[in-house]
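Novice: Build me a structure from this.
(one chain, ligands or ions: 1)
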Amino acid sequence: MKIGIIGGSGLYQIDGFKILEEKELNTPFGEPSDKYIITEYKDKTVIFLPRHGKGHKFPPHLINYRANIWGFRKLGVKYILSISAVGGINPKMKGGDFVIANQFIDFTKSRVSTFYEGIFSKEDDTDLNDKVKEYLNNKRVVHIDVSEPFCPVMKESLKNALSSLNLPFHQNGCYVATEGPRLESSAEIKALSILEADIVGMTLIPELVLARELAIHFASVHIVTNFAAGISENRLTSDEVIEMMKQRNEDIKNILKQFLDNIPSNFNCSCEEVLERAAI
Ligand code: HPA
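Specialist: Model prediction:
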């Protein structure tokens with residue numbers, strides 16, 4: 001089983017994960033954020049990619065999300081777990097809590113969020129023989145269903161991991177993706193809270209949608225680093241985000257291990273069927 005982990009920098013040196021190789025890849029969509037760190041954990045191959053690249057080079061709106069996800073496809077990854085910092089909109093979701101996302105609202109503006117561009121589609125450069133290749137190479141227009149965007153089996157494994165570690169967490173968070181790189185205004189956060197968004201971040205979309213377009217199982221776990229704008233009385237700073245991520249680093253590593261130990265070998269979900277009858 002090959003599992004991809006997309007996270008912030010500094011997440012690939014974990015005790016018990018043996019680094020096998022660092023792989024630089026190119027894709028029809030350009031270059032991924034960084035090298036893929038291929039590791040072995042028990043009977044699983046776990047491949048890490050820091051979404052912002054080493055040294056945090058790429059801001060959220062300029063990450064090459066398509067290249068990042070395509071690279072995982074090239075490496076044969078069928079499951080991706082995404083980890084990121086978020087602001088808490090729901091007052092129950094406070095600094096230091098973990099949230100498993102269940103739904104999303106997309107308020108990004110400038111991002112390419114599909115592989116399927118009809119007549120403009122790129123050719124598949126893999127030797128896979130599947131619907132992705134068929135749709136791309138035949139220049140099809142594809143509309144995937146995202147009513148239930150996240151893999152239910154991976155979400156359950158995350159939930160089990162978090163509860164067995166006794167960490168504060170919330171299931172079923174609605175994630176709103178904003179364009180960034182600026183933070184939100186208090187009025188925006190108020191509006192988003194009326195829309196029942198629980199957490200806010202800048203990276204889940206289009207990462208999730210692109211993985212799903214390749215029929216990759218996807219789940220995400222988020223660390224609340226701050227209350228979103230206007231909820232907290234203080235000015236928001238990047239320092240507090242980084243500080244909280246540092247504080248939670250050990251927990252994140254433990255969650256990963258528990259998650260990988262918990263993940264079943266049989267997935268009874270429909271994630272891999274998402275491309276059936278999705279093309280026009
Ligand atoms: N807004 C958007 N993205 C974030 C925040 C926030 O308040 N905190 C961490 N990532």
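
Novice: mind showing which ranges of the stretch 151-280 of the chain have poor pLDDT?
Specialist: Within the stretch 151-280 of the chain, no stretch has pLDDT under 70.

Novice: if we go to 90?
Specialist: Within the stretch 151-280 of the chain, the stretches with pLDDT under 90 are 232-248, 265.

Novice: Next to the ligand, which bits of the protein? Give me the list.
Specialist: Residues of the chain found near the ligand (CB under 6 Å from any ligand atom) are 85-87, 178, 183-184, 200-202, 225-226, 228, 236, 241. Quick note: C-beta positions are derived from backbone N, CA and C, even for glycine.

Novice: Give me the subset of those residues that lies in helices.
Specialist: Cross-referencing those against helices under DSSP state H gives Val241.

Novice: Of the residues of the chain next to the ligand, which belong to strands?
Specialist: Taking DSSP state E, the ones among those that sit in strands are Ala85, Val86, Gly87, Thr178, Val200, Gly201, Thr225, Asn226.

Novice: check contacts around the first one.
Specialist: With contacts taken as CB atoms under 8 Å, 6 or more residues apart in numbering, Ala85 has the following neighbours: Gly8, Gly201, His222, Ile223, Val224, Thr225, Val241, Met244, Met245.

Novice: just to revisit the earlier point, ok, so of the residues of the chain next to the ligand, who is nearest Thr114?
Specialist: Using CB to CB, Met202 is the member of these that lies nearest Thr114, at 18.8 Å.

Novice: just checking, the closest one touches Ala177?
Specialist: Yes. The criterion here is CB atoms under 8 Å, and Met202 meets it with Ala177 at 6.5 Å.

Novice: shared neighbours, the two?
Specialist: Listed contacts common to Met202 and Ala177 are Thr108; contacts here mean CB under 8 Å, 6+ apart.

Novice: still on that earlier bit, could you identify the most distant pair in the contacts of Ala85?
Specialist: Gly8 and Val224 (14.4 Å).

Novice: Show me which of the two is the more surrounded one.
Specialist: Comparing Gly8 with Val224 by other CB atoms under 10 Å, the one with more neighbours is Val224, at 30 against 19.

Novice: show me the contacts for that one.
Specialist: 85-88, 93-99, 199, 244.

Novice: separation between it and Ser238?
Specialist: When distance is defined by CB to CB, to the nearest Å, Val224 is 15 Å away from Ser238.

Novice: Equivalent analysis for Ala211, please.
Specialist: When Ala211 is compared with Ser238 (using CB to CB), they lie 27 Å apart.
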